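In: just coords:
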């Protein structure tokens with residue numbers, strides 16, 4: 001970590017949690033000032049618990065791979081008197097550690113590889129076309145969130161992993177509650193039981209009637225002792241909680257950003273070869289990861305003169321790090337052709353996103369399908385709607401015409 005900075009020896013009262021301006025995706029206006037003069041500051045999370053908020057690129061990058069921190073479940077942090085009574089927490093791949101985590105990632109290496117993702121691209125495009133064709137047929141105006149951004153990544157995840165899309169009502173609300181635990185902690189904790197129950201039942205169905213999906217393969221690996229049952233459950237829970245929602249948010253924010261300055265959309269329309277670099281630049285630029293990674297210190301750690309005590313939580317803010325001018329020239333400007341782009345949208349270290357290749361493919365295929373179906377896509381005069389209570393935002397509706 002960086003050396004202590006002058007004047008940072010004391011630890012002030014927690015600051016308010018940085019939030020995006022109402023009616024926008026953000027980023028919060030405090031990012032630049034925090035990076036400049038207070039890169040490690042204690043804040044009060046939306047549900048009232050204190051946590052250390054870290055905003056500089058180098059610090060965030062190092063924290064993500066620092067073995068002195070673990071990722072707590074939403075039942076383990078913040079601790080309270082009812083912790084023991086809640087039972088098993090929502091353990092996903094992000095909270096697994098050591099040999100169990102390594103064995104699970106090894107079992108998943110092939111289905112999430114570059115090669116497997118490349119082979120899957122035609123199927124991704126077919127799914128995108130299937131969703132966009134009725135929107136085209138109905139004619140303008142339309143809402144891309146409900147018609148495309150929400151169902152597209154969910155369908156992709158369900159078909160690949162082996163989660164019945166037609167059962168989405170059984171898990172969507174609970175998954176969103178767990179994902180939104182930074183705001184609705186108690187609702188998120190209550191949802192863990194529902195999600196564990198659903199996934200446990202689904203794994204048993206895969207055991208009785210296996211198919212060509214990732215869950216079926218993992219159940220078989222578990223029966224042969226390659227991975228343990230709880231690790232398979234952790235993967236399934238990861239897919240329910242985070243296997244699709246981030247793609248929905250990135251797609252919605254990306255299209256809104258591109259259409260806000262129409263020449264951006266037009267540039268991609270004219271130069272499809274620009275899509276891969278444009279996707280990575282959008283991943284860097286869009287402030288979706290505003291404090292959703294939670295780390296817990298195993299021991300006392302000093303960062304910029306701030307002492308993070310054992311048991312305290314740290315939020316390495318990926319969205320703030322990705323706007324750090326020390327790492328990215330013109331960091332607050334969207335540069336679709338940016339070449340050197342070591343953004344942290346997919347994390348780093350042992351827990352970097354295992355679906356990184358699939359995520360990039362979904363974003364690229366989704367945008368390319370929109371360009372093909374709607375070359376004259378533009379925003380309407382009706383403003384998008386937002387959920388302003390959440391620190392992690394994308395439009396709930398995106399009215400467009402073409």
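Out: Yep, it's here. This structure is a prediction, so every number in the text was calculated from the model and none was measured.

In: okay, CA-based contacts and neighbour counts for the rest of this
Out: Noted.

In: For residue 35, grab phi and psi.
Out: phi -60, psi -40 (degrees, to the nearest 10).

In: Residue 26 too?
Out: The phi/psi pair for residue 26 (degrees, to the nearest 10) is phi 100, psi -160.

In: Wait, it touches residue 253, no?
Out: No - with contact defined as Cα atoms under 8 Å, residue 26 does not reach residue 253; the gap is 10.2 Å.

In: Those two: which is more packed in?
Out: Counted by other Cα atoms under 10 Å, residue 26 and residue 253 do not tie: residue 253 has more neighbours, with 24 against 19.

In: Quick check: that one touching residue 397?
Out: No - in terms of Cα under 8 Å, residue 253 does not count as a neighbour of residue 397; the distance is 10.8 Å.

In: Helix or strand for the residue nearest the centre of the chain, just tell me which one.
Out: The centre of the chain sits closest to residue 246, judged by Cα atoms, centre = their mean, with a distance of 4.2 Å. Using DSSP states H and E, residue 246 sits in helix 245-260.

In: Which elements pack onto that helix?
Out: helix 151-161, helix 262-270, helix 356-373, strand 378-379 (3 or more Cα pairs under 8 Å, 6 or more residues apart in numbering; DSSP states H and E).

In: Residue 240 and residue 378, how far apart?
Out: Distance of residue 240 to residue 378, given as Cα to Cα, to the nearest Å: 32 Å.

In: quick one: which of the two has more around it?
Out: More crowded of residue 240 and residue 378, by other Cα under 10 Å: residue 240, with 27 against 20.

In: who touches the more buried one in this structure?
Out: Going by Cα atoms under 8 Å, 6 or more residues apart in numbering, residue 240 touches 171, 172, 175, 195.

In: what about it, which SS state?
Out: Secondary structure, DSSP: H, G, I helix; E, B strand; the rest coil: residue 240 is helix.

In: Now do it, the pLDDT please.
Out: Residue 240 is assigned 90 on the pLDDT scale.

In: Pretty sure residue 295 sits against residue 68.
Out: No - between residue 295 and residue 68 there is no contact under Cα under 8 Å: 9.5 Å.

In: Looking at the helices and strands packed on helix 245-260, which is nearest to residue 119?
Out: Comparison of the helices and strands packed on helix 245-260 against residue 119 by Cα to Cα identifies helix 356-373 as nearest, at 10.7 Å.

In: Any chance you could list what contacts that closest one?
Out: Surrounding helix 356-373, the residues in contact under the criterion Cα under 8 Å, 6+ apart are 112-114, 117, 121, 124-125, 128-129, 132-133, 136, 153, 247, 250-251, 255, 268-269, 272, 275-276, 279-280, 346, 377.

In: Between helix 151-161 and the lowest-mean-pLDDT helix or strand in the chain, find me the angle.
Out: Ranking every helix and strand in the chain by mean pLDDT, DSSP states H and E puts helix 172-179 at the bottom, with a mean of 82. Computed by axes from the mean of the first three to the mean of the last three Cα atoms, to 10 degrees, the angle separating helix 172-179 from helix 151-161 equals 90 degrees.

In: buried ones in the next helix or strand after helix 172-179?
Out: Downstream of helix 172-179, the first helix or strand assigned by DSSP H and E is helix 185-208. For helix 185-208, a neighbour-count test (16 or more other Cα atoms under 10 Å) marks 185, 188-193, 195-196, 199-200, 202-203, 206-207 as buried.

In: Please apply the same query to stretch 319-337.
Out: By 16+ other Cα under 10 Å, the buried positions in stretch 319-337 come out as 319-325, 327-328, 331, 334-336.

In: do stretch 102-111 as well
Out: 104, 105, 107, 108, 111.

In: want to try CSV for those residues, with secondary structure and distance to residue 41 as columns?
Out: Output for those, formatted as CSV (DSSP: H, G, I helix; E, B strand; the rest coil; distance: Cα to Cα, whole Å):
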residue, secondary structure, distance to residue 41
104, helix, 35
105, helix, 33
107, helix, 39
108, helix, 37
111, coil, 40
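
In: Arrange those residues in TSV, one row each, with pLDDT as further columns.
Out: Formatted as TSV, these follow (pLDDT from 0 to 100):
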residue	pLDDT
104	96
105	96
107	96
108	97
111	96
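
In: now, which of those sits nearest residue 17?
Out: When these are compared for distance to residue 17 (Cα to Cα), residue 105 wins out at 33.6 Å.

In: Please give me every residue in contact with that closest one.
Out: residue 354.

In: got it, and residue 379?
Out: Residues in contact with residue 379 (Cα under 8 Å, 6+ apart) are 256, 259, 260, 398, 399, 400, 401.

In: Got a ChimeraX select line for the buried ones in these?
Out: Burial among these is assessed by 16+ other Cα under 10 Å; the matching ChimeraX selection reads:
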select :256,259,398,399,400,401
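
In: just to revisit the earlier point, relative to helix 245-260, how tilted is the least confident helix or strand of the chain?
Out: Using the same axes, to 10 degrees: helix 172-179 against helix 245-260 is 80 degrees.
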